[in-house]
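**Q** What follows is a predicted structure for the sequence shown.
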Amino acid sequence: MPIAVTASPGVPVEVRLERYATAGYRWEVVDKPAAVAISDASAAPATASAPGAPGQQVFRFVADLPGVYVIRLSSRRPWESKPDRTEVVTMTVTPP
């Protein structure tokens with residue numbers, strides 16, 4: 001399901017994606033416009049205590065100019081060429 005976020009120019013927006021790090025999966029940005037910067041990318045631990053419970057991969061994106069930007073991300077293991085999952089983020093940056 002596509003993810004839609006709205007931001008103001010220069011203000012980072014946070015996107016959280018479920019991640020199965022114990023199985024080797026990592027999210028990566030595979031395509032983004034040059035006008036969008038990644039201000040931070042980090043991992044959040046699993047909230048459940050069950051073995052193998054998913055954590056989250058957290059990305060913070062920022063754009064200085066108003067517009068609509070499409071960011072594509074994929075989840076895959078480093079040794080596999082095809083992604084397990086993909087996500088599309090539509091980031092709308094509104095004028096101040």
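**A** Received the coordinates, thanks.
**Q** So in that sheet, which strands flank the helix or strand of the chain with the lowest mean pLDDT, and in what orientation?
**A** The helix or strand of the chain with the poorest confidence is strand 36-44; it has a mean of 84 (mean pLDDT, DSSP states H and E). The strands beside strand 36-44 in its sheet (DSSP bridges) come out as strand 55-63 (antiparallel).
**Q** Any chance you could list what contacts the helix or strand just after the strand it pairs with?
**A** Downstream of strand 55-63, the first helix or strand assigned by DSSP states H and E is strand 67-76. With C-beta atoms under 8 Å, 6 or more residues apart in numbering as the test, strand 67-76 has contacts from 17, 19, 25-33, 35-36, 57, 59, 61, 63, 82-93. Glycine gets a C-beta too; all of them are placed from N, C-alpha and C.
**Q** repeat that with 6 Å
**A** With C-beta atoms under 6 Å, 6 or more residues apart in numbering as the test, strand 67-76 has contacts from 25, 27, 29-33, 36, 83-93.
**Q** Report the contact partners of Val30.
**A** Val30 sits next to 72, 74 when contact means C-beta under 6 Å, 6+ apart.
**Q** now it: how far from Arg77?
**A** 15 Å (C-beta to C-beta, to the nearest Å).
**Q** Can you list the low-confidence ranges for the protein?
**A** 44-53 (pLDDT under 70).
**Q** rerun that using 80 as the cut-off
**A** 1, 20-22, 42-55 (pLDDT under 80).
**Q** just to revisit the earlier point, which of the residues in the least confident helix or strand of the chain are buried?
**A** Val36 (16 or more other C-beta atoms under 10 Å).
**Q** Same question for stretch 15-23.
**A** So, applying 16+ other C-beta under 10 Å, buried residues of stretch 15-23: 15, 17, 19-21.
**Q** Now intersect these with the strands, please.
**A** Under the assignment DSSP state E, the buried residues of stretch 15-23 contribute 15, 17, 19 to strands.
**Q** what packs against whichever strand or helix holds Ala4?
**A** Taking DSSP H and E as the criterion, Ala4 maps to strand 3-7. Applying 3 or more C-beta pairs under 6 Å, 6 or more residues apart in numbering; DSSP states H and E, one finds that strand 3-7 contacts strand 85-93.
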